[in-house]
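Trainee: Quick check, what structure comes out for this input:
(one chain, ligands or ions: 1)
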Amino acid sequence: MYAFTLERPTTLADATKLAAAGVKVLAGGQTLLASMKQRLADPGQLADLGGIKELSGIKREGNAFVIGAMTRHLDVANNADIKAAIPALANLAAHIGDKQVRAMGTLGGSVANNDPAACYPSAVLALGATIHTTHGTTQRKIAADDFFQGMFATALKDGELITAISFPIPKKAAYMKFVQPASRFALVGVFVAQTDSGVRVAVTGAANGVFRHKGLEAALTSSFTAASAAGVKIDPTDLNADIHASALYRANLISVQTQRAVTKMLG
Ligand SMILES: Cc1cc2nc3c(=O)[nH]c(=O)nc-3n(C[C@H](O)[C@H](O)[C@H](O)COP(=O)(O)OP(=O)(O)OC[C@H]3O[C@@H](n4cnc5c(N)ncnc54)[C@H](O)[C@@H]3O)c2cc1C
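Mentor: Numbering: from 1, shown residues only. Have a look, this model is predicted:
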């Protein structure tokens, strides 16, 4: 590991100033510390967000849940209100990694990192969530459709912090993850949601970043059945192929996991 200094801000204002000055923020360290240990990252200066109370917690605002960026996966998984209103989101959080990852990993860290096999980005995209950020003195609300920009890339500017994410409550939703057994990440995960703005289908693990599948969305809008999803041909052209699965295998998994999600939603 390269040498680094550690700041421990206790207010969002202080963290914002540090981040805007080029200090790298540390959430649960589940990705960042591992990268630093392997000398893949050399941030020099870190600011631990763990002491900032206003960044953690879950609250209901109208027909949405606003979840603080530093909220741990375990807290989303165990939250009674989320379990009741968006069980698919609680279930997704409950199956991230292992117990340690769920105890330390955070919503903001996961979404800022935008690992192409991470689970949360698919929920953010399928539910049409909004990412709340702060950057110096500027605040932004970024629609999920504009946020994810391919492998480890997002709409965040250097020094911009995610403060919270608001998730509109869907009519129904389900997330089906086909687990990569060594890492517990998604080999392919599909999040299907029936929202006020229609059916949304977000796929993770299959390509260079999370994406919406417009063909599945159109088919499920016209007939919300597993058979309708099964009728959609999934093009493997731009899908990942690696030692774990070919592009064709991943294409088949997108279809199968979507059908399973729809079957679950139909009860
Ligand atoms: C063994 C293992 C298994 C895992 N399995 C899964 C899985 O099944 N599904 C899944 O979805 N994920 C999985 N993860 C990822 C995990 O869920 C974490 O969310 C992810 O690693 C990010 O970790 P973190 O929240 O601790 O953020 P950190 O590692 O602290 O930070 C990650 C990056 O985000 C930046 N960052 C952090 N917070 C903010 C913020 N508020 N604003 C702006 N930038 C920020 C940091 O600067 C850094 O660049 C796994 C991780 C491990 C180690």
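
Trainee: Which element, helix or strand, includes the closest residue to the ligand within the stretch 1-150 of the chain?
Mentor: Nearest to the ligand, among the residues of the stretch 1-150 of the chain, is residue 109, at 2.1 Å (CB to the nearest ligand atom). Bear in mind the C-beta positions are built from the backbone N, C-alpha and C, glycine included. Per DSSP states H and E, residue 109 falls inside helix 107-113.

Trainee: Let me see the mean pLDDT of that helix.
Mentor: For helix 107-113, mean pLDDT is 98.

Trainee: Show me how far it is from its chain's centre.
Mentor: Put simply, helix 107-113 sits 7 Å off its chain's centre (CA atoms, centre = their mean, to the nearest Å).

Trainee: Same question for stretch 32-52.
Mentor: How far stretch 32-52 lies from its chain's middle: 20 Å, per CA atoms, centre = their mean.

Trainee: Span of it from start to end?
Mentor: End-to-end distance of stretch 32-52: 18 Å, with CA to CA, to the nearest Å as the criterion.

Trainee: nearest residue to residue 30 other than its sequence neighbours?
Mentor: Nearest non-adjacent residue to residue 30, counting by CB to CB, 6 or more residues apart in numbering: residue 105, 4.4 Å away.

Trainee: could you list every residue that touches that neighbour?
Mentor: 27, 28, 30, 72, 73, 96, 97 (CB atoms under 8 Å, 6 or more residues apart in numbering).

Trainee: Now for the fourth one: which residues touch it?
Mentor: The reference is to residue 72. With CB under 8 Å, 6+ apart, residue 72 has these contacts: 28, 56, 102, 103, 104, 105, 106.

Trainee: Just give me the closest of those residues to residue 261.
Mentor: Set against residue 261, the nearest of the contacts of residue 72 by CB to CB is residue 102 (21.7 Å).

Trainee: what residues does the chain put near the ligand?
Mentor: Within the chain, the positions lying close to the ligand (CB under 6 Å from any ligand atom) are 24-32, 69, 73, 96-97, 101, 104-106, 108-110, 112-113, 118-120, 161-162, 183-185.

Trainee: Just the ones of those in helices?
Mentor: Per DSSP state H, helices hold the following members of those: 32, 73, 101, 104, 108, 109, 110, 112, 113, 120.
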